[in-house]
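Peer 1: Please work out how this folds:
(2 chains)
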Amino acid sequence: AQSVTQLDSQVPVFEEAPVELRCNYSSSVSVYLFWYVQYPNQGLQLLLKYLSGSTLVKGINGFEAEFNKSQTSFHLRKPSVHISDTAEYFCAVRLNRDDKIIFGKGTRLHILP
Amino acid sequence: EAGVVQSPRYKIIEKKQPVAFWCNPISGHNTLYWYLQNLGQGPELLIRYENEEAVDDSQLPKDRFSAERLKGVDSTLKIQPAELGDSAVYLCASSASGGPTDTQYFGPGTRLTVL
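Peer 2: The predicted structure is shown next:
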């Protein structure tokens, strides 16, 4: 069965600094990978997804992620964060139509002034 | 276009009481999901509907939880009776067709507190 590990439960970073949120997955077959963001008291919103093709995926709000098959990773990056990026970020994996999407436990991004 | 609507946003009840959550998906979306999100955790699927049919309810605790999606649009999730451990956020999501590459759109959730 597939699983997702988000290595950091919280990441503090200064405003305008770069950030990387780490995600590793476990699966013996090809997967689809997602990053979702959850702002306080809101539902989840899709940031980006990897389906196939280019391993560098660009998403909304200046975020991007890189799929690394050999390291089974899908880390999320942003070159310069803003206060408005304060949120919880979830990495997720899905196999095929009949398999449910599996979410990681989330990483809380704290932006320091 | 309106997003996924859920009500109520917050609910406080005493243990052993019944509770129900309502979800209205995005217009035209055939697939509807109910998720449970415990504090500090990612969402976990409870049930998935394609139109009116529950195609995956393997994670739904059927002794106390039930769900329905009449006419393939709105959905209701019920807990009877509620237990202290049911305190969590219940999220509803919808997607156009349920395919693995489809984007799931989430509602704001209902935060349940069981006293």
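Peer 1: Bridging across strands, which residues link to the residue nearest to the spatial centre of chain B?
Peer 2: What sits nearest the mean C-alpha location of chain B, by Cα atoms, centre = their mean, is residue B:34, with 2.9 Å. Counting by DSSP bridges, residue B:34 forms beta bridges with residue B:47, residue B:92.
Peer 1: wait, it sits on residue B:92?
Peer 2: Yes. Residue B:34 is in contact with residue B:92 according to Cβ atoms under 8 Å; the separation is 5.8 Å. C-beta here means a position set from N, CA and C on the backbone, and glycine is covered the same way.
Peer 1: Contact partners for residue B:59?
Peer 2: Neighbour list for residue B:59: A:100, B:44-47 [criterion: Cβ atoms under 8 Å, 6 or more residues apart in numbering or on different chains].
Peer 1: And the furthest pair within those?
Peer 2: Greatest spatial distance in the contacts of residue B:59: B:44 and B:47, 11.0 Å, computed using Cβ to Cβ.
Peer 1: quick one: which of these two has more around it?
Peer 2: Legend: neighbour count by other Cβ atoms under 10 Å in any protein chain shown for residue B:44 and residue B:47, higher for residue B:47 (23 against 16).
Peer 1: I'd guessed the more buried one sits against residue B:68; true?
Peer 2: No. Checked against Cβ under 8 Å, the pair residue B:47 and residue B:68 is beyond contact range at 10.0 Å.
Peer 1: all helices of chain A, in order?
Peer 2: Using DSSP state H, chain A contains no helices.
Peer 1: for chain B, what are the nearby residues on it?
Peer 2: By Cβ under 8 Å from any Cβ of the partner chain, the part of chain A that sits against chain B consists of A:4, A:9, A:32, A:36, A:41-46, A:49, A:51, A:90, A:92, A:94-101, A:103-106.
Peer 1: contacting residues around residue B:104?
Peer 2: Applying Cβ under 8 Å, 6+ apart, we find residue B:104 in contact with A:44, A:46, A:101, B:33, B:93-95.
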